[in-house]
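*Asks:* Sequence first, then the predicted structure:
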Amino acid sequence: MSKPAENEDFRRAVGDVEPLAGARRREPRRAKPEPAPRQSRADERAALAESLAAWSMDDALETGEELVYLRDGVSRQVLRKLRRGQWVVQESRDLHGMNRLEAAGSVAEFLRDSAKRGLRCVRIVHGKGRGSRNREPVLKGKLRKWLVLRDEVLAFCQAPAAHGGGGALLVLLKAGRR
């Protein structure tokens, strides 16, 4: 803030100065933006679209966490439908609280009974292993070995979240005669 005496000195010094009529002011030139690399971006978008078109979540490799199996001669479309939950789960077996031997017997009996009854899609809940010693799913790894050996099993995969997610498997069985 200026003092009142200084204001009066300024006014006396300026005296009878009049503003210029129609001052031609120009705005200072702004720096031009960098040129946009349109072709590079278009190439990158095309490359991304091409790579995404060739890749499907259904075709992803097993990470070791997700259990996936498809018997030779069975269409990959069958596995895709199973993964997406398009098969109706007709029966379930929960292995919580069972040790390896009990679970092996229970799974064998369950699959045998389900095949005899003509069921096509069943769910096996193995759990996520939070109650085991190392907090790792013991039965999950065992199921991978057991199910591949069964003749009635055509395919299996991790269940969608609505059916148990990483703690359950959907198993597709051969069409049987009732």
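*Replies:* Sure, I can see it.

*Asks:* what distance separates stretch 73-88 from the middle of the whole chain?
*Replies:* 18 Å (C-alpha atoms, centre = their mean, to the nearest Å).

*Asks:* Any buried residues in that stretch, and which?
*Replies:* Of the residues in stretch 73-88, Val78, Leu79, Arg80, Lys81, Leu82, Arg83, Gly85, Trp87 count as buried by neighbour count, 16 or more other C-beta atoms under 10 Å. C-beta here means a position set from N, CA and C on the backbone, and glycine is covered the same way.

*Asks:* Which ones among the residues you listed map onto strands?
*Replies:* Counting by DSSP state E, the buried residues of stretch 73-88 place none of their members in strands.

*Asks:* tell me the two of the residues you listed that are most distant?
*Replies:* Using C-beta to C-beta, the buried residues of stretch 73-88 reach their maximum pairwise distance at Val78 and Gly85, which is 13.3 Å.

*Asks:* hmm, back to that, just put the buried residues of stretch 73-88 in JSON lines and tack on distance to Asp94 and pLDDT.
*Replies:* Below are the buried residues of stretch 73-88 laid out as JSON lines (distance: C-beta to C-beta, whole Å; pLDDT from 0 to 100):
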{"residue": "Val78", "distance to Asp94": "25", "pLDDT": "89"}
{"residue": "Leu79", "distance to Asp94": "24", "pLDDT": "88"}
{"residue": "Arg80", "distance to Asp94": "26", "pLDDT": "88"}
{"residue": "Lys81", "distance to Asp94": "24", "pLDDT": "89"}
{"residue": "Leu82", "distance to Asp94": "20", "pLDDT": "87"}
{"residue": "Arg83", "distance to Asp94": "21", "pLDDT": "86"}
{"residue": "Gly85", "distance to Asp94": "18", "pLDDT": "83"}
{"residue": "Trp87", "distance to Asp94": "19", "pLDDT": "89"}
